[in-house]
Each structure stands twice: as C-alpha cells, then as structure tokens.
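Colleague: I would like the atomic coordinates for the input below:
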Amino acid sequence: MNAYISSDLNMVRELDPKRHELALLQEDWIGKGGTIEVIPVGRTLFSPIPFNSETIPQPSGQKKNPSAVKIQKSAKGIEEEERLAEKLRAYYDRGVVAASKDLHISTRRANYIAAQYGVKFACRGSDAARQEDQAFVPKIKELILRGLTQEQMCAELIISRTTLRRICSQNGLKSRGKVNHKKDLTLVERIKAIRDLGCTRAVCARRLEINPKVLLRLVAEYEIDYPVSR
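Modeller: A predicted model of the protein is given here:
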C-alpha cells in the first residue's frame, strides 16, 4: 500500500476516514498473528553516491553498531587527493588561501586534504612568511608613488587586498582606496577657482577642508598649474 503525506490541512482531514480504516485493518492483521516489518530508510537508498568517507546512518531506536559500514573512497578519488596533497606541500610558506586560489579548490577542501595527508602551512608570523611579505615592500612603495589604488596594486602584484593591507600596516605604508573620480573632478574645479583668486596651496586646502596631501595628489594627477607660492 502506498502512503501519501500532504502538508495541506484540508487534504489531511479528508483522509481521516481512510486513516481510521487502515488502523482497523492493521489491528485486525496483528490480531490474526500477522507481523509488520519496519524498513529503515537511509540517505544512501536514494543517493548511492558517497561523499568523502560517509558512514551509513543507523536506524532510529536501534543500538549503534560499532561495525557500521563505512563507504570507501574510489581509487580515482584517492588518486586525486594524493595529487592535490603533493601540490599543497609547495604552499607551506604562502598558506592555504593562496593554495586554494591556485589549485581552484575551496579552502575547506584544502584544509581537509592537508589534515588527511599531514600537510602543514606556515603561520603568518613565521620567518618565511615575513620574508615573503618584505619582498613586496619596495614594489608597493613604487606603486604608491605612481598613484595606483589598492585594487590596481593587487592586480599588479597578484595578491589579495587582505595581504596588501597587512603588509602596508606592518610597514607603515599608506595606500589609496577606491578612487571616487566624480568627487576628484569636482575638487579639481574648485582648486583651480581658488588658485585664480591668488590663494596659496595651504589656504586652498583649508578652504576645501581637505588634507594638504590630498591637494598635492590632485595637483600632480590632474597636472594643475598651481605655483607653490604667489
């Protein structure tokens, strides 16, 4: 007999007479000495494809079987994990984030494989990690002088923004965030107007309520002819 379960209340109520009839039939069957076997349903009955080393769940109400069946990984899956584990070892200094990005896998899977095959990653406080960060310092200084934004520097150095910010913070470097070109162009027009009034750069920065370094950047980037003194 097939059973249908619905979340619709009206349909559930309509099935009440049939439910009562089924209960009477079940009671009559048991009274005649019949038995009803409960068949446990597990995930693998509907989805036979295992995930990693999945264990078939035990039916509720039964004692846990210590010798539960453990689905083994396929030979192809093991071979793939071993191949990734060997590649992960080369990322000891660079870390799991760089490894997951280069190998096109999630950090969760990278950490899982690393734990299974004993692969270790250096923490950012290690000497190797600090030396790697220091190698970027002169390059970052050069890019800052060129006026590149953080996004442009990350693309140039092929590093994440988190890495860039960490190196800048540890070495006292100031990098530019995302540029608001519309705001810059408005400031440029106002700078030229104040310049034509004969004001000095210091006065111009105070009137615009901006940092003098911002004024210097705009003068250099937009090639504004603004003499140092009048």
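Colleague: Show me what stretch 107-122 is in contact with.
Modeller: Contacts to stretch 107-122, defined as Cβ atoms under 8 Å, 6 or more residues apart in numbering, come from residues 52, 81-82, 84-85, 88-89, 91-93, 95-97, 99-100, 103, 128-129. Just so you know, the C-beta spots here come from the backbone N, C-alpha and C atoms, and that holds for glycine as well.
Colleague: if we go to 10 Å?
Modeller: With Cβ atoms under 10 Å, 6 or more residues apart in numbering as the test, stretch 107-122 has contacts from 52-53, 80-101, 103, 105-106, 128-130, 132.
Colleague: Over to stretch 149-162?
Modeller: Contacts for stretch 149-162 (Cβ under 10 Å, 6+ apart): 97-98, 101, 133, 136, 139-140, 142-144, 146, 148, 163-168, 175-179.
Colleague: how about the chain, which residue sits the furthest from its center?
Modeller: Relative to the centre of the chain, the most outlying C-alpha is that of Lys32, 62.0 Å out, by Cα atoms, centre = their mean.
Colleague: Tell me which helix or strand comes right after the lowest-mean-pLDDT helix or strand in the chain.
Modeller: Between all helices and strands in the chain, the lowest mean by mean pLDDT, DSSP states H and E belongs to helix 43-46, at a mean of 47. Downstream of helix 43-46, the first helix or strand assigned by DSSP states H and E is helix 75-89.
Colleague: Mind giving me the ChimeraX select for the contacts of stretch 149-162, buried ones only?
Modeller: Per 16 or more other Cβ atoms under 10 Å, the buried members of these correspond to this ChimeraX selection:
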select :98,133,136,140,143,144,148,163,164,167,168,175
